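> this one's structure only:
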């Protein structure tokens, strides 16, 4: 038996239960892994609260990213062996000491990157990768706006976008988070609690505005985000930490400059094994050459997951947080 954090009913952080589970044995195409570090993401709270449905119902073990070592391989897995260092994002179920994972979802962690770094960056880093390189390909000279700049994805994206030659504008909700974002590649950071960010973007850009807006906040930043875009600019909504964007008339997009809008998700960008490998390689590369630094700002023991969720939702955390089994 090993320990896991599971939910048996939806609700607040109090529904997270630390309990014994049997991880099972790997079947064909599967691997038993032992975690050394687990990533914490706002997405996890959506599954806990029921905002996002549990894919296989309840009970559910949340958690979408982790790193550790291979314990045992199932039939047909010939490219991994016990002791190999691995990391992954998805399927759900990372809040545990050990688990069985499909081998095709794992990537080997290269030398020079620690397990804690790998666990802290797989979901967030691969999200930054597809946003900056595929949903909209950031080019030198572009001006971009990234909301929640001091969040886990935001801190990676700011550094990465800067390395691509963009002018990077961010928003954050406190002066401490503004300062943190400025340490991670952002040219300008706007405190959206005290400043009209759309007006600030217009002033900062001399009225030219942005090619793209990346928004994981949702309700609190919409529709003002649309006013930050150039004609035919792209609005990318990839989260909703403040609540979902309310229904709106599509004609608004034409009225504000023939804008584009999309709602992507990481899982559609790494469904193919080849895309997962390419995205992970790009992520490992920017971290290895120090274009992107992965700083871990908070660590909690796995048994403290309920407190970690409470702190995350209360905006008491910044950047990257991990759980330690």
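Happy to help now that I have it. Since the model is a prediction, treat every value here as computed from it, not as a measurement.
> Phi, psi for residue 193 please.
Torsion angles at residue 193 (phi, psi; degrees, to the nearest 10) stand at phi -80, psi -20.
> And for the one 4 residues further on?
Per-residue torsions, residue 197: phi -70, psi -30 (degrees, to the nearest 10).
> Is the nearest residue to it once chain neighbours are set aside within a helix or a strand, and which one?
Excluding the flanking residues, the one nearest residue 197 by Cβ to Cβ, 6 or more residues apart in numbering is residue 190, at 4.7 Å. Every C-beta, even on glycine, is put in place using the N, C-alpha and C of the backbone. According to DSSP states H and E, residue 190 maps onto strand 188-191.
> any weak-confidence spans in the stretch 51-200 of the chain?
Judged by pLDDT under 70, the stretch 51-200 of the chain has no weakly predicted residues.
> quick one, strands of it?
In the stretch 51-200 of the chain, the segments counted as strands under DSSP state E, counting those that start in this stretch are 65-73, 85-89, 98-102, 106-108, 143-146, 167-172, 188-191.
> Now distance to residue 156 and mean neighbour count too, for these, in TSV please.
What follows is these, written out as TSV (distance: least, Cβ to Cβ, whole Å; neighbours: other Cβ atoms under 10 Å):
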stretch	distance to residue 156	mean neighbour count
strand 65-73	13	23
strand 85-89	13	24
strand 98-102	23	20
strand 106-108	17	20
strand 143-146	10	28
strand 167-172	12	27
strand 188-191	15	21
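> of all the ones you listed, which lies closest to residue 250?
Proximity to residue 250 (Cβ to Cβ) singles out strand 143-146 among those, at 21.5 Å.
> mind checking the end-to-end distance for stretch 72-82?
Across stretch 72-82, the terminal residues are separated by 6 Å (Cα to Cα, to the nearest Å).
> Could I get the buried residue list for that stretch?
Applying a neighbour-count criterion of 16 or more other Cβ atoms under 10 Å, one finds 72, 73, 74, 77, 80 buried in stretch 72-82.
> Spatially nearest residue to the third one, not counting backbone neighbours?
Nearest residue to residue 74, sequence neighbours excluded (Cβ to Cβ, 6+ apart): residue 26, at 3.5 Å.
> so the one you found sits right up against residue 76, yeah?
No - taking Cβ atoms under 8 Å as the contact criterion, residue 26 and residue 76 are not neighbours in contact, 10.1 Å apart.
> In terms of pLDDT, where does residue 321 sit?
Predicted confidence (pLDDT) at residue 321: the value is 93.
> residues contacting it?
Listed by Cβ atoms under 8 Å, 6 or more residues apart in numbering, the contact set of residue 321 reads 39, 40, 120, 152, 296, 297, 298, 299, 300, 308, 312.
> export those to CSV and tack on distance to residue 114?
As requested, the contacts of residue 321 are exported to CSV (distance: Cβ to Cβ, whole Å):
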residue, distance to residue 114
39, 13
40, 17
120, 9
152, 17
296, 9
297, 15
298, 16
299, 13
300, 18
308, 20
312, 22
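> Go through these and flag which are in strands.
With strands defined by DSSP state E, the entries of those inside them are 39, 40, 296, 297, 298, 299, 300.
> Please pick the buried ones from those residues.
Here, 16+ other Cβ under 10 Å leaves 39, 40, 296, 298, 299, 300 buried among the ones in strands among the contacts of residue 321.
> distance of the last one from residue 15?
For residue 300, the distance to residue 15 equals 17 Å [Cβ to Cβ, to the nearest Å].
> hang on, isn't residue 259 packed against residue 236?
No - counting by Cβ under 8 Å, residue 259 sits too far from residue 236 to count as a contact (11.2 Å).
> who touches the spatially most central residue of the chain in this structure?
With the centre of the chain defined as its mean C-alpha position, the nearest residue by Cα atoms, centre = their mean is residue 124, 2.9 Å away. Neighbour list for residue 124: 39, 41, 65, 152, 153, 156, 320 [criterion: Cβ under 8 Å, 6+ apart].
> Now which of these would you call buried?
39, 41, 65, 152, 153, 156, 320.
> ok, the third one touching residue 94?
Read it as residue 65. Yes - contact criterion Cβ under 8 Å: residue 65 and residue 94 qualify, at 6.0 Å.
> okay, and the common contacts of these two?
In the contact map built from Cβ under 8 Å, 6+ apart, the residues linked to both residue 65 and residue 94 are 38, 39.
> Good, wrapping up.
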